[in-house]
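> predicted model and sequence follow; I will ask about them next.
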Amino acid sequence: MKNSQKYAAELIGTFWLTFGGCGAAVLAAGFPELGIGFLGVALAFGLTVLTMAYAIGHVSGCHLNPAVTIGLTAGGRFPGSQVVPYIVAQVTGGILGALVLYTIANGVEGFDASASGFAANGYGEHSPGGYSLAAALVTEIVLTMMFLFIIMGATHGRAPVGFAPIAIGLGLTLIHLISIPVTNTSVNPARSTGPALFVGGWAISQLWLFWVAPLIGGALGGWLYNWISPTPSEPVVGGIESKG
């Protein structure tokens, strides 16, 4: 694949993750009669990754997340020379996903992104459950670390072929079930950046945590898994090509 095709795939995939996951939270979760609620939002995020993993895994590796790109690099699965362009593509996709979602949400009279929260991530008074900065920091580091651990294992050369997207998608669903009350779940700086730009104010001022913590967690998870189970010399055949 050409690099331009990989970057385009990452942009489209991260657009889908942000639009699909945050869209479920912004457009559907507020209507009890639809029956989506907390569980539905968690499942929506998992489904975006699962569907894109099958759609573009063979093109770009389907990172969709700067923390995943950093983690795969730390784990020896992705070349450092491609980190910056991948992250640029992912953040661009996250912003575009939030833009389209904002345009749709504005179709209802009285919509206010800042007042609604617009699925932005936060801590303290902006945490859904009122959790502290320290709690948010630990949550985002640990869950991103475990997300990379799952990704590295599911895409290992000796993992069952074809099932990686399912494990990764369900892993992200579980992560949301744990952490939506704490931070509204980031584990992905690109997903956090898009909505924060439209909320402004507090969301921008707290955005630093949702870059720092996932990047630390991603690097730890990638390194830890590679230490436990080094990448074999044969190609990765677990369902997502994560070597770039």
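Looks like it arrived, so ask away.

> what about residue 10, distance to residue 133?
30 Å (Cβ to Cβ, to the nearest Å). Just so you know, the C-beta spots here come from the backbone N, C-alpha and C atoms, and that holds for glycine as well.

> just want to know which of the two has more residues nearby.
Neighbour count, other Cβ atoms under 10 Å: between residue 10 and residue 133, residue 10 has more, with 30 against 12.

> excluding chain neighbours, what is closest to that one?
What sits nearest to residue 10 in space, not counting adjacent residues and going by Cβ to Cβ, 6 or more residues apart in numbering, is residue 89, at 4.1 Å.

> contact partners for the one you found?
7, 8, 10, 11, 14 (Cβ atoms under 8 Å, 6 or more residues apart in numbering).

> got those residues as TSV, with distance to residue 183, pLDDT and secondary structure columns?
TSV is the format used below for the contacts of residue 89 (distance: Cβ to Cβ, whole Å; pLDDT from 0 to 100; DSSP: H, G, I helix; E, B strand; the rest coil):
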residue	distance to residue 183	pLDDT	secondary structure
7	28	98	helix
8	30	98	helix
10	24	98	helix
11	25	98	helix
14	19	98	helix
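
> distance to residue 21 for the residues you listed - can I get that in JSON lines?
Shown next, in JSON lines, are the contacts of residue 89 (distance: Cβ to Cβ, whole Å):
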{"residue": "7", "distance to residue 21": "21"}
{"residue": "8", "distance to residue 21": "20"}
{"residue": "10", "distance to residue 21": "16"}
{"residue": "11", "distance to residue 21": "16"}
{"residue": "14", "distance to residue 21": "11"}
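
> give me the buried subset of these.
With burial judged by 16 or more other Cβ atoms under 10 Å, the buried subset of those is 7, 8, 10, 11, 14.

> pick the one among the residues you listed closest to residue 26.
Nearest to residue 26 out of the buried ones among the contacts of residue 89 is residue 14 (Cβ to Cβ; 17.0 Å).

> mind checking how far that closest one is from residue 95?
9 Å.

> and if you look at residue 52?
17 Å.

> the two: which has the busier surroundings?
Counted by other Cβ under 10 Å, residue 52 and residue 95 do not tie: residue 52 has more neighbours, with 25 against 21.
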